[in-house]
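> The amino acid sequence is not available; the structure is as follows:
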């Protein structure tokens, strides 16, 4: 992660230059160094908010780069652990309370630092988890890109590039497992629970396609066998689902 440390050093040097520029900028009504009197309403798309927006985001990027660099160091902690009641009651100025009035940008930057400070460093070399581990810088760039685009993948008209990108990625994944374009299909899922639900719906449609036109009332009684771990009240999670053909439906 030497390149990140170099970026931080460059950002520090740039920060010193920025302070000199900002001093002149304040006289000209441009971006201040102190964001304590600046609010979100002063940022883009507000008129004249470009410089303030740039300064705010540059400060945020500096916070993130510092966090990424520190997370890669084995000498740092994976987690600065505190009990729930400590975080709820407030710790060294840290607060989860929601104010009635908007916070200034300086406080938002402080909250960003605190959120990273008291959270788990999943990019730490000594962090191991069954679901997630590690930090990919290219992935971070992708997250920034999609957040800035802030679009939904409903239709091609709303999200032309991402719609086509999904199709090409699915085709590539199908070719890796040996499926041709005419037999393979797919969809991206946000998690295991919805994936299990999709699998059940696909299995139901495979054996009873009329459900799409006639509804569940036209189908025989269906059964679903699962492990004992899902036999709990008010649960929405289905695990270890196996679909087989029986004379009375899909299980």
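Done, it's in. Predicted model, so just to flag it, every value in this text is computed and none were measured. Residues are numbered from 1 along each chain as shown.

> which sections of the protein are below the confidence cut-off?
The model of the chain has pLDDT under 70 over residues 1-32, 231-251.

> Quick test: name the residue nearest the centre of it.
Nearest to the geometric centre of the chain sits residue 143, at 6.9 Å (Cα atoms, centre = their mean).

> What backbone torsions are found at that one?
Per-residue torsions, residue 143: phi -60, psi -40 (degrees, to the nearest 10).

> Return the list of helices and strands in contact with whichever strand or helix holds residue 51.
When elements are assigned from DSSP states H and E, residue 51 belongs to helix 50-71. The contact analysis (3 or more Cβ pairs under 8 Å, 6 or more residues apart in numbering; DSSP states H and E) places helix 50-71 against helix 2-27, helix 105-117, helix 137-149. C-betas here are computed from N, CA, C, even on glycine.

> Return the set of buried residues in it.
Going by neighbour count (16 or more other Cβ atoms under 10 Å), the buried part of helix 50-71 is 51-53, 55-56, 59, 62, 65-71.

> In terms of distance to residue 121, which of those ranks first?
Residue 121 has its nearest neighbour among those in residue 71, at 4.2 Å by Cβ to Cβ.

> Enumerate every residue touching the closest one.
Residues near residue 71 by Cβ atoms under 8 Å, 6 or more residues apart in numbering: 121, 123-124, 135.

> and if you look at residue 198?
187, 189 are the contacts of residue 198 under Cβ under 8 Å, 6+ apart.

> That one and residue 43: what is the separation?
39 Å (Cβ to Cβ, to the nearest Å).

> Count the neighbours of residue 36 for me.
Residue 36: 10 surrounding residues under other Cβ atoms under 10 Å.

> so it touches residue 103, yeah?
No - using Cβ atoms under 8 Å, residue 36 makes no contact with residue 103, being 10.1 Å away.

> can you give me the strands in the stretch 101-250 of the chain?
245-246, 249-250 (DSSP state E, counting those that start in this stretch).

> For residue 126, which non-adjacent residue is closest in space?
residue 78 (5.6 Å; Cβ to Cβ, 6 or more residues apart in numbering).

> ok, the one you found to residue 172 distance?
Distance from residue 78 to residue 172, by Cβ to Cβ: 34 Å.

> Looking at those two, which one has more neighbours?
Each of residue 78 and residue 172 has its neighbours counted (other Cβ under 10 Å); residue 78 has more, 16 against 9.
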